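1. Predicted model, plus sequence, below.
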Amino acid sequence: MAPTTEASQSLRETLSARRGEIVEVLLRYGAHNPRVFGSVARGDAMASSDIDLLVDLEPHRGNELMRVAGIGEELSLLMGVRVDVVTASLLRDPVSRTALADAVSL
């Protein structure tokens, strides 16, 4: 296994430090169970990498795509780096299998 990059470590530390604020944003949109996947979870993020976040959404709280977009926009502003937010239902195979295998709870 390759060592974790500095960028991955920095993004993980920022996620940890801002966890409470992240959860507040998620709750406003009826989202929970945030999991980081992709390069940050694998530890191979670069300085230009974004954060990939997988969430579960409460049903019947509005349009799923609009909620995911709103979460991504707010978290990107909060984190100072692009945050891509998805739900398991929005992922497509084989991406979903890889994302779920990489996913690490926030």
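-> All right, it came through fine.
2. ranges for the strands of this structure?
-> Under the criterion DSSP state E, the chain contains strands at 31-37, 51-57, 83-86, 104-105.
3. Let me know which of the ones you listed is the nearest to residue 22.
-> Closest of these to residue 22 is strand 31-37, at 6.7 Å (criterion: CB to CB). Where you see a C-beta, it was placed from the backbone N, CA and C, and this is true even at glycine.
4. before we move on, the earlier item: any idea which of the strands of the chain is most buried?
-> strand 51-57 (a mean of 22; mean count of other CB atoms under 10 Å).
5. helices or strands up against that one?
-> strand 31-37, helix 39-42, helix 64-79, strand 83-86, helix 95-102 (3 or more CB pairs under 8 Å, 6 or more residues apart in numbering; DSSP states H and E).
6. contacts for it?
-> By CB atoms under 8 Å, 6 or more residues apart in numbering, the surrounding residues in contact with strand 51-57 are 11, 15, 26, 29-41, 64, 67-68, 71-72, 75, 79, 81-88, 91, 99-100, 103, 106.
7. With stretch 14-33 instead?
-> By CB under 8 Å, 6+ apart, stretch 14-33 touches 34, 36, 40, 51, 55-58, 61-62, 67, 70-71, 74-75, 78-79, 81, 85, 105-106.
8. Please apply the same query to stretch 58-70.
-> 29, 30, 31, 32, 55, 57, 85, 86, 87, 89, 90.
9. and those as TSV, adding pLDDT and distance to residue 7?
-> Rendered in TSV, the data for these read as follows (pLDDT from 0 to 100; distance: CB to CB, whole Å):
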residue	pLDDT	distance to residue 7
29	97	27
30	97	31
31	98	25
32	96	27
55	96	23
57	96	29
85	97	20
86	94	21
87	92	26
89	82	29
90	82	25
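10. got CSV for these, with distance to residue 5 too?
-> Shown next, in CSV, are the contacts of stretch 58-70 (distance: CB to CB, whole Å):
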residue, distance to residue 5
29, 30
30, 33
31, 28
32, 29
55, 24
57, 31
85, 22
86, 23
87, 27
89, 30
90, 27
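11. circling back to that earlier point, can you tell me which of the helices and strands packed on strand 51-57 is most buried?
-> Greatest burial across the helices and strands packed on strand 51-57, using mean count of other CB under 10 Å, falls to helix 39-42, with a mean of 22.
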